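> Just a sequence and a predicted model for now, questions to come.
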Amino acid sequence: MRQLIIIGSGPAALTAAIYAARANLNPLVVASSVDVGGELMNTTDVENFPGFPDGIQGPELMAKIQAQAERFGAEIRYDDAVELDIAGPVKRVTLGSGTVEEADALIFATGSAYRKIGIAGEERLSGRGVSWCATCDGFFFREKTIAVVGGGDSAMEEATFLTRFASKVYVIHRRGELRASKIMQERAFANEKIEFVWNSQVVDILGTDAVTGVVLESTVDGSRRELALEGVFVAIGNDPRTHLVHDKLELTAEGTVWVDGRSSRTSVPGVFAAGDVIDPTYRQAATAAGSGTVAALDAEHYLAALGEAGTPDPAADEIGGRAHVASPAV
Ligand code: NAP
């Protein structure tokens, strides 16, 4: 049996792997079979990760973090965690291949998934003009008229990036002001190919085999109109990826995994969580990396206590009415 399994492959999971590997915990990282690297794999220039004054491409940053984890002995498995059995002292992770891995402790860092608008045309035309990833699909929209839905940093980043290909990019936002940071807003406002469609909600995506347009509804007076388009990029945020632990870990009202204060301790002893899956607010690569650090240190303390005392008493530390294993503050 292993000491530690880490589920995830974004900055939180892989930073946890660096720390855990350096602590000789020989972590197994279950990195997924398809989405390795997390959100940064769909990002172009990362300009705000410390240590890269000229910026770095998202995939390159992830490759560097992974190489750093592997250098210290982390084992990366390109497989999916499909089932968890984590209530008892032995944490069991069933993989897509059918293998069951066991460990004394688990770090859950599955990140977040693209949010969907939730309208019929979105699913039907997914991959046929509807996309969630400009860096993956932008190339297909050369000289086309397209739209980005959303008003946050992701929407501004996607829209700005897509102007490299498209002849025109509408940004459709449900309010009259953006949520995006000032610098991202200014970049989008200055781009001549971008036109903003304010106070509008996409209520239908039109087309049979390919996107031909959208139906917009005014959030001010409810009036509707059609806008002709050849592509729609949805950039309305992310939801924490918690489907594996819905009935196993306590969640917050925001849908993130509940952790105890500033620690990474979840409602189940020996299970720690980090990154976007616990963070409804900041969701930056740098904060995820910090969160992964906390999780690795918490897991290390838990495993050390386990080594000294055998199976820890789950009621050893009662915090807020919940049972927690005593773990020194980090
Ligand atoms: P976000 O900040 O949550 O913004 C989501 C946007 O989509 C908001 O403008 C929101 O509208 C809109 N929206 C949400 N649900 C919608 C729906 N059902 N229909 C229509 N519009 C909807 O998400 P994000 O832009 O993905 O950013 C997430 C985090 O990553 C942020 O902390 C951001 O700073 C960070 N990020 C940073 C960078 C960077 O620095 N380079 C790049 C990308 C992301 P309202 O404004 O009306 O709520």
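That came through, no problem. Computed from a predicted model, the values in this text were never measured in an experiment.
> Nearest spatial neighbour of Phe108, chain-adjacent residues omitted?
Of all residues not flanking Phe108 in the chain, Ala273 sits nearest, at 4.5 Å (Cβ to Cβ, 6 or more residues apart in numbering). Every C-beta, even on glycine, is put in place using the N, C-alpha and C of the backbone.
> Could you report the distance from the closest residue to Gly150 other than its chain neighbours to Val171?
In space, and not counting its chain neighbours, Gly150 is closest to Ala235: 4.0 Å by Cβ to Cβ, 6+ apart. Ala235 is 9 Å from Val171, where distance means Cβ to Cβ, to the nearest Å.
> Repeat that for Gly213.
Applying Cβ to Cβ, the value for Gly213 to Val171 is 16 Å.
> who has more neighbours, the two?
Val171 (27 against 18; other Cβ atoms under 10 Å).
> Now for the more buried one: which residues touch it?
Ala147, Val148, Gly150, Gly151, Ala155, Met156, Ala159, Ala188, Ile194, Glu195, Phe196, Val197 (Cβ atoms under 8 Å, 6 or more residues apart in numbering).
> can you list the residues you listed in CSV and add distance to Leu244 and secondary structure?
Formatted as CSV, the contacts of Val171 follow (distance: Cβ to Cβ, whole Å; DSSP: H, G, I helix; E, B strand; the rest coil):
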residue, distance to Leu244, secondary structure
Ala147, 33, strand
Val148, 30, strand
Gly150, 27, coil
Gly151, 31, coil
Ala155, 28, helix
Met156, 32, helix
Ala159, 33, helix
Ala188, 36, helix
Ile194, 38, strand
Glu195, 41, strand
Phe196, 38, strand
Val197, 38, strand
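> nearest residue to the closest residue to the ligand within the stretch 51-200 of the chain other than its sequence neighbours?
Closest to the ligand within the stretch 51-200 of the chain is Gly152: 2.3 Å, counting by Cβ to the nearest ligand atom. Excluding the flanking residues, the one nearest Gly152 by Cβ to Cβ, 6+ apart is Arg179, at 4.5 Å.
> Report the secondary structure state of that neighbour.
coil (DSSP: H, G, I helix; E, B strand; the rest coil).
> Near it, how many residues? Count them for me, please.
Number of residues near Arg179 (other Cβ under 10 Å) recorded here: 16.
> Please tell me I have it right and it contacts Gly151.
Yes: counting by Cβ atoms under 8 Å, Arg179 does reach Gly151; the two are 5.0 Å apart.
> close enough to count as contact, the residue nearest to Gly150 and Ile146?
No: using Cβ under 8 Å, Ala235 is not in contact with Ile146, being 11.9 Å away.
> Now do the strands in the stretch 51-200 of the chain.
Taking DSSP state E, counting those that start in this stretch to define them, one finds strands in the stretch 51-200 of the chain at 56-57, 75-77, 81-85, 91-95, 100-108, 112-114, 130-131, 145-149, 168-172, 194-197, 200-206.
> So what are the sheet partners of the second one and their directions?
Strand pairing for strand 75-77, using DSSP bridges, gives strand 28-30 (parallel).
> Show residues contacting the strand it pairs with.
So strand 28-30 is contacted by 2, 4-9, 13-14, 17, 69, 74-77, 79-81, 93, 95, 101, 103 (Cβ under 8 Å, 6+ apart).
> Try it again at 6 Å.
Contacts to strand 28-30, defined as Cβ atoms under 6 Å, 6 or more residues apart in numbering, come from residues Arg2, Ile5, Ile6, Ile7, Ala17, Ala74, Glu75, Ile76, Arg77, Ala81.
> Please list the residues of the stretch 1-150 of the chain that sit near the ligand.
Within reach of the ligand by Cβ under 6 Å from any ligand atom, the stretch 1-150 of the chain has these residues: Asn48, Ile117, Val149, Gly150.
> Swap in 8 Å and give it another go.
Residues of the stretch 1-150 of the chain lying close to the ligand by Cβ under 8 Å from any ligand atom are Thr43, Asp45, Val46, Glu47, Asn48, Arg115, Ile117, Gly118, Val149, Gly150.
> sec struct for the fifth one, please.
What it means is Asn48. Using three-state DSSP, the structure places Asn48 in coil.
> Tell me, how many residues neighbour it?
The tally of other residues near Asn48 (other Cβ under 10 Å) stands at 12.
> just the third one next, same as before
By the measure other Cβ under 10 Å, the count of residues near Val46 is 19.
> Looking at strand pairing, list the partners for it.
With DSSP bridges as the rule, Val46 is bridged to Ile56.
> Surely it and Pro53 touch.
No: using Cβ atoms under 6 Å, Val46 makes no contact with Pro53, being 11.9 Å away.
> For the residues of the stretch 1-150 of the chain next to the ligand, pick the one with the most neighbours.
Val149 (26 neighbours).
> hang on, the earlier thing: so the residue of the stretch 51-200 of the chain closest to the ligand makes contact with Ser181?
No: assessed by Cβ under 6 Å, Gly152 is found out of contact with Ser181, at 8.9 Å.
> Neighbour count: the two, which is higher?
Neighbour count, other Cβ under 10 Å: between Gly152 and Ser181, Gly152 has more, with 17 against 13.
> Can you check the pLDDT for that one?
Note for Gly152: predicted pLDDT of 96.
> Distance-wise, check it relative to Leu95.
Distance from Gly152 to Leu95, by Cβ to Cβ: 34 Å.
> Great, nothing more from me.
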